[in-house]
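Chemist: Structure here, sequence nowhere to be found:
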């Protein structure tokens, strides 16, 4: 009987542990030689099964660490309902021939800023 309660307790602890925060680097290149201001950038991004249930925690940050407004959409889900693929859109400012590493984070507690203008 003690083993049953011990295993039940362990199982409940494992099931209630929240998924860890995650991050990924996004490399953006300006290959043509033009200054870009408010240029749209978008990507499809995969998530592991059970890693993310909604997109509200997604934050994209510039190379300087400044969060930017993000628009995202779920493209597909895993059988358990978690997000499998998401489309993520944001705007970038790039110098001519620049190569920059932006940062995508989720479940960190940070919030993306609201857009300056709405359409």
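Modeler: Cool, the structure landed. The model shown is predicted, which means the values in this text are computed figures rather than measured ones.
Chemist: number of nearby residues for residue 58?
Modeler: For residue 58, the count of nearby residues is 23 (other C-beta atoms under 10 Å). Any C-beta I mention is one placed from the backbone N, CA and C, and that applies to glycine too.
Chemist: Name all residues that make contact with it.
Modeler: With contact set as C-beta atoms under 8 Å, 6 or more residues apart in numbering, residue 58 has these partners: 70, 72, 86, 88, 104-106, 112.
Chemist: burial measure for residue 59, as a count.
Modeler: Count around residue 59 with other C-beta under 10 Å applied: 20.
Chemist: Quick check: beta-bridge partners of it?
Modeler: Residue 59 has these beta-bridge partners by DSSP bridges: residue 105.
Chemist: thinking it is in contact with residue 109, fair?
Modeler: No. Contact criterion C-beta atoms under 8 Å: residue 59 and residue 109 do not qualify, at 9.4 Å.
Chemist: Beyond the worst-scoring helix or strand of the chain on mean pLDDT, next helix or strand please.
Modeler: The helix or strand of the chain with the poorest confidence is helix 2-15; it has a mean of 36 (mean pLDDT, DSSP states H and E). Note on helix 2-15: by DSSP states H and E, the next helix or strand toward the C-terminus is strand 22-29.
Chemist: Output the contacting helices and strands for that following strand.
Modeler: Applying 3 or more C-beta pairs under 8 Å, 6 or more residues apart in numbering; DSSP states H and E, we find strand 22-29 packed against strand 36-46, strand 99-106.
Chemist: mind running it again at 6 Å?
Modeler: Applying 3 or more C-beta pairs under 6 Å, 6 or more residues apart in numbering; DSSP states H and E, one finds that strand 22-29 contacts strand 99-106.
Chemist: Name the surrounding residues that touch the strand it packs on.
Modeler: With contact meaning C-beta atoms under 6 Å, 6 or more residues apart in numbering, strand 99-106 is reached by 22-29, 52, 57-61, 63.
Chemist: List buried residues within those residues.
Modeler: 26, 28, 52, 57-61 (16 or more other C-beta atoms under 10 Å).
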